[in-house]
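Colleague: Pasting the sequence and the predicted coordinates here, then a few questions.
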Amino acid sequence: MLLACASMAMADTPVTKLFENERRVITAMPDDRLSSFLKRPDLKVEYSKDWLKRQSLGTGGADWRCLAEALYFEARGESVKGQFAVAEVILNRVDSPEYPDAVCAVVHQGTGRKYQCQFTYTCDGYDEVISEPRAFDQVGKIAYLMVQGAPRPLTKGATHYHTRAVSPSWSRRFPRTATIGVPHFYKMTTRVSSN
């Protein structure tokens, strides 16, 4: 009885309202989006073609499709490890307050504005045609694992990358966290406001 009375007294507190709002948002969230918040340290990943071949071909919603397409057009020529690393960058951006909070929004940020896109394939003027189905199956598996919450240890939180063929101005301001294959990976420095 005492517990019931205490529960009723808490029913209208700000904390209770906060939890109720949070529950509503979480239950309305699509499964693929929700799983991106749930890191899965139990999901063991090996960065090899042989291991990846043994994984089932997973699919998913919009987040999976956008991530798979980004990996196909941005990184299909990279090693499996390099493809996972590019996926980490995209998902690290989703988790960052500096970027949109959905995979598709991150991938297509700036698309349509000359030199403003975040991923070259979205504004290079070429039609995006998936002409190598086996390569798409491979990156589709990677996208599925990453959207399901696979660990992200390769890039140490990187939010940027570029190939060795270019040297963007931001690469001199951000610390490099890794080099995997052709790309260099960088983590955007935390901005601290001043009064």
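Modeller: In hand now; what should we look at? None of the values given here were measured: they were computed from a predicted structure.
Colleague: does Pro151 really touch Val45, like I thought?
Modeller: Yes: the pair formed by Pro151 and Val45 meets the contact definition of Cβ atoms under 8 Å, at 6.7 Å. Using the backbone N, CA and C atoms, a C-beta is placed for each residue, glycine as well.
Colleague: which of those two has more neighbours?
Modeller: Neighbours per residue (other Cβ atoms under 10 Å) separate Pro151 from Val45, with Val45 holding more: 20 against 16.
Colleague: In contact with the more buried one, which residues are there?
Modeller: Neighbouring residues of Val45 by Cβ atoms under 8 Å, 6 or more residues apart in numbering: 51, 84, 145, 150-151.
Colleague: Buried by neighbour count, from those: which ones?
Modeller: 84, 145, 150-151 (16 or more other Cβ atoms under 10 Å).
Colleague: So, low pLDDT: which residues of this protein?
Modeller: Applying pLDDT under 70 to the chain flags residues 1-12, 25-42, 114-115, 191-195.
Colleague: Need the three-state assignment for the residue nearest the centre of it.
Modeller: Central residue of the chain (Cα atoms, centre = their mean): Leu91, 1.5 Å from the mean position. With DSSP: H, G, I helix; E, B strand; the rest coil as the basis, the three-state label of Leu91 is helix.
Colleague: Skip the chain neighbours and tell me the closest residue to it.
Modeller: Met146 (5.9 Å; Cβ to Cβ, 6 or more residues apart in numbering).
Colleague: quick revisit: distance to Ser167 for the buried ones among the contacts of Val45 - can I get that in CSV?
Modeller: Listed next are the buried ones among the contacts of Val45 as CSV, based on distance: Cβ to Cβ, whole Å:
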residue, distance to Ser167
Phe84, 24
Leu145, 32
Ala150, 31
Pro151, 30
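Colleague: Of these, just say which sits nearest to Ala165.
Modeller: Phe84 (21.3 Å; Cβ to Cβ).
Colleague: Thought Met146 was touching the closest one, still the case?
Modeller: Yes: if you go by Cβ under 8 Å, Phe84 and Met146 touch, sitting 7.2 Å apart.
Colleague: how about Pro183, phi and psi?
Modeller: Main-chain dihedrals, Pro183, degrees, to the nearest 10: phi -80, psi 150.
Colleague: What's the local residue count around it?
Modeller: Pro183: 22 neighbours (other Cβ under 10 Å).
Colleague: Distance of it relative to Gly149?
Modeller: Distance, Pro183 to Gly149, by Cβ to Cβ, to the nearest Å: 23 Å.
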